[in-house]
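[1] After the sequence you'll find the predicted model.
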Amino acid sequence: MAWEQDLMAEITTLVDTTWPTLGRIFRGREAGFINWRTPIEDFLADTPDGAYPPFAVIQWGAMMPSTKYGDVNSAYEFPVSVYFVVPTVAADRYAESSTSLQTQIANALELMRAAFHADGVLWQTEMGPIMDQSQAMEANSVFTELMLPLRAGVVRATLICGVSP
């Protein structure tokens, strides 16, 4: 489906323009989960000096057919999660305060939520975006388990997309 690739490109461009300070955007296409090992290993390989710029991970869920939007439309529900990952240690090697990190991540997540709305993407969603930067969120759990100096927040949405005759 060509429009699926167009939608993925649109969201990737939206992430890139909303968070211009990103060092890199990793894209994952797995059903329901993302293997955090790959972006972490790639990220660490790209930054051997330990200078950790913010980076993003876009997780695409499984596109599922939907019958909620009419019998003649080809409609799909397409979940997407956009993670914003920041270092917990500043460039000068001093630890960032927890409050400072939470504020930085919350501001980035709000920018992405607003960008989804401004781009006209969210009018196509079943529900508004869900934002999470808790310690229990999967990325933060992995970072803690591996003792990495990283913390993340995520914006999740289910896009409603497809074609009409």
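    Nice, I can see it.

[2] quick check: mean pLDDT across the helix or strand in which Leu109 is found?
    Secondary structure assignment for Leu109, by DSSP states H and E: helix 98-118. For helix 98-118, the mean per-residue pLDDT is 85.

[3] after that helix comes which helix or strand?
    strand 130-132.

[4] Tell me the strands beside that following strand, with direction?
    Paired neighbours of strand 130-132 in the sheet (DSSP bridges): strand 150-163 (antiparallel).

[5] Nearest residue to Ile40 in space, please, no chain neighbours.
    Among residues not flanking Ile40 along the chain, Leu148 sits closest, at 6.7 Å (CB to CB, 6 or more residues apart in numbering). C-beta: built from backbone N, CA, C; applies to glycine.

[6] for the helix holding Leu109, which positions count as buried?
    Going by neighbour count (16 or more other CB atoms under 10 Å), the buried part of helix 98-118 is 101, 104-105, 108-109, 112-113, 115-116.

[7] Dump those residues to TSV, plus distance to Met63.
    Output for the buried residues of helix 98-118, formatted as TSV (distance: CB to CB, whole Å):
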residue	distance to Met63
Leu101	33
Gln104	32
Ile105	28
Ala108	26
Leu109	24
Met112	21
Arg113	22
Ala115	22
Phe116	18
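
[8] Which member of those is positioned nearest Ile160?
    Phe116 (12.8 Å; CB to CB).

[9] is it true that the closest one touches Leu159?
    No: using CB atoms under 8 Å as the test, Phe116 is too far from Leu159 to be in contact (9.3 Å).

[10] re the thing from before, helix, strand, or coil at the residue nearest to Ile40?
    Secondary structure, DSSP: H, G, I helix; E, B strand; the rest coil: Leu148 is coil.

[11] Verify the stated contact: it with Val86.
    No: look at Leu148 against Val86 with CB under 8 Å: they stay out of range, at 11.6 Å.

[12] So for those two, which residue has more residues nearby?
    Higher neighbour count among Leu148 and Val86: Val86, with 20 against 17, using other CB atoms under 10 Å.

[13] What angle do strand 150-163 and the helix holding Leu109 make with each other?
    Orientation check (axes from the mean of the first three to the mean of the last three CA atoms, to 10 degrees): helix 98-118 against strand 150-163 gives 10 degrees.
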